[in-house]
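Undergrad: Kindly generate the corresponding structure for this input.
(one chain, ligands or ions: 1)
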Amino acid sequence: MNPARQAIRSTRAACAALFQTVFPDQCWITGTPLSADSPHLSPEIREQIARESLTNYCRRCGSTVGPYERHDRHSPCLRCPTRDIGVHTLARVGHFAPPLSRLVYQIKFAGRWELAAVAAPFLFQALTAVSEQQQMPIDTLIPLPLHWRRRLKRTFNQSEELACHLSALGSWPVRQPLRRVKSTAEQSGIHSKTQRRENMKGAFICRPDPWLSGKHLWLLDDVCTTGATLHAAATAIRKLAPAIRPASINALVLCVTDHHGTPHVEELDADSVPDDHPVTSIRDC
Ligand SMILES: [Zn+2]
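TA: Numbering: from 1, shown residues only. Next up, the predicted model:
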């Protein structure tokens with residue numbers, strides 16, 4: 001991390017600490033007062049997210065599945081044909097609904113990137129569980145990069161923040177061979193999966209990094225909607241020369257939109273949505 005960014009973080013952390021001294025901490029999801037042993041989120045919200053992480057989901061597409069439905073990466077679920085993410089195995093914490101959707105909103109659009117530290121333990125549990133179940137090693141985390149214009153506007157990349165905290169928990173290296181070369185701001189209003197996939201084509205390029213050879217990679221993002229972004233990133237990595245291709249490309253996300261629960265994926269802009277807005281949909285970005 002460069003010194004300027006480190007200085008900004010330190011100043012912000014000091015201001016936050018001072019603010020909390022004057023104003024007692026509240027849950028960033030519900031606004032209820034917090035005790036010292038449960039920073040940022042109330043115990044009830046933590047429990048809700050933990051329960052959500054125990055629900056069955058498909059290890060190929062991330063869709064929620066019933067108790068007796070197939071969800072192994074070797075056995076596609078009924079929704080797999082409509083959501084090709086292009087990765088070997090997918091791990092997720094939950095589906096895109098409160099409180100996880102509110103947590104994503106706070107991190108991504110309200111600029112509360114400190115909450116990435118709160119989300120990281122849930123990601124850690126989801127990743128280690130799937131890695132063990134599916135016998136898929138974790139060699140490195142690759143946060144999905146933003147296009148430089150969006151990064152400049154947002155000032156941070158939520159996936160990098162999540163990767164930073166997750167890496168500390170699991171002692172996994174974070175590597176960034178990907179570069180986002182295509183701005184997808186013009187995706188506004190595109191709701192068709194086919195059009196979104198088409199629009200994401202060529203969005204990423206992958207640097208020829210020999211270290212990746214034979215490794216098991218885990219792409220990291222906050223939300224998976226149609227899967228077009230993860231698919232485009234995985235495609236860029238697969239274009240590497242055979243000698244430096246990884247052994248597998250997998251993905252870890254905080255949440256996956258439900259095919260049936262939120263079929264209408266609309267653009268959500270931080271400037272147009274008040275803090276207490278009940279987030280019900282989100283874009284790939
Ligand atoms: Zn599936």
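
Undergrad: excluding its backbone neighbours, what's nearest the residue of the stretch 101-250 of the chain found nearest the ion?
TA: Using C-beta to the ion, the single residue of the stretch 101-250 of the chain nearest to the ion is Gly227, 10.2 Å away. Bear in mind the C-beta positions are built from the backbone N, C-alpha and C, glycine included. Spatially, and ignoring its direct neighbours in sequence, Gly227 is nearest to Ile85 (3.7 Å; C-beta to C-beta, 6 or more residues apart in numbering).

Undergrad: can you tell me which residues contact the spatially closest residue to Arg59 that is not a sequence neighbour?
TA: Among residues not flanking Arg59 along the chain, Arg73 sits closest, at 4.1 Å (C-beta to C-beta, 6+ apart). Listed by C-beta atoms under 8 Å, 6 or more residues apart in numbering, the contact partners of Arg73 are 59-60, 88-89, 134.

Undergrad: Am I right that Arg73 falls within a strand?
TA: No. Counting by DSSP: H, G, I helix; E, B strand; the rest coil, Arg73 is not found in a strand; it is coil.

Undergrad: how far away is it from the ion?
TA: Note on Arg73: its distance to the ion, by C-beta to the ion, to the nearest Å, is 9 Å.

Undergrad: Quick check: pLDDT value at that residue.
TA: Note on Arg73: pLDDT of 77.

Undergrad: any idea how far it lies from Asp84?
TA: Distance, Arg73 to Asp84, using C-beta to C-beta, to the nearest Å: 13 Å.

Undergrad: So in this protein, which helix runs the longest?
TA: helix 3-22 (DSSP state H).

Undergrad: Alpha carbons of that helix, in CSV - could you do that?
TA: Taking Å, rounded to 0.1, in the frame of the first residue of the first chain, the C-alpha atoms of helix 3-22 are listed here in CSV:
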residue,chain,number,x,y,z
PRO,A,3,2.3,5.9,1.9
ALA,A,4,-0.4,8.4,0.8
ARG,A,5,-3.1,5.8,1.0
GLN,A,6,-1.8,4.5,4.3
ALA,A,7,-1.8,8.1,5.7
ILE,A,8,-5.4,8.6,4.6
ARG,A,9,-6.4,5.3,6.2
SER,A,10,-4.7,6.2,9.5
THR,A,11,-6.3,9.6,9.6
ARG,A,12,-9.7,8.1,8.8
ALA,A,13,-9.3,5.4,11.4
ALA,A,14,-8.3,8.0,14.1
CYS,A,15,-11.3,10.2,13.2
ALA,A,16,-13.6,7.2,13.4
ALA,A,17,-12.2,6.3,16.8
LEU,A,18,-12.8,9.9,18.0
PHE,A,19,-16.3,9.9,16.6
GLN,A,20,-17.2,6.7,18.4
THR,A,21,-16.0,8.1,21.6
VAL,A,22,-18.4,11.0,21.3
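
Undergrad: After it, which helix or strand is next?
TA: Downstream of helix 3-22, the first helix or strand assigned by DSSP states H and E is helix 43-52.

Undergrad: and the direction of the next helix or strand after that following helix versus that of helix 43-52, what angle?
TA: Going down the chain from helix 43-52, the next helix or strand is strand 90-95, by DSSP H and E. Between strand 90-95 and helix 43-52, the angle comes out at 140 degrees (axes from the mean of the first three to the mean of the last three C-alpha atoms, to 10 degrees).

Undergrad: Which neighbouring elements make contact with strand 90-95?
TA: Judged by 3 or more C-beta pairs under 8 Å, 6 or more residues apart in numbering; DSSP states H and E, strand 90-95 is in contact with helix 43-52, helix 116-133, strand 216-224, strand 248-256.

Undergrad: ok, then the element right after it?
TA: That would be, after strand 90-95 and using DSSP H and E, helix 100-108.

Undergrad: and that next one, what other elements does it pack with?
TA: Checked by 3+ C-beta pairs under 8 Å, 6+ apart, helix 100-108 has helix 43-52, helix 116-133, helix 158-170, strand 216-224, strand 248-256 packed alongside it.

Undergrad: can you rerun that using 6 Å?
TA: With contacts defined as 3 or more C-beta pairs under 6 Å, 6 or more residues apart in numbering; DSSP states H and E, helix 100-108 has no helix or strand neighbours.

Undergrad: from the helices and strands packed on strand 90-95, which stretch is densest packed?
TA: Comparing the helices and strands packed on strand 90-95 by mean neighbour count (mean count of other C-beta atoms under 10 Å), strand 248-256 ranks first with a mean of 26.
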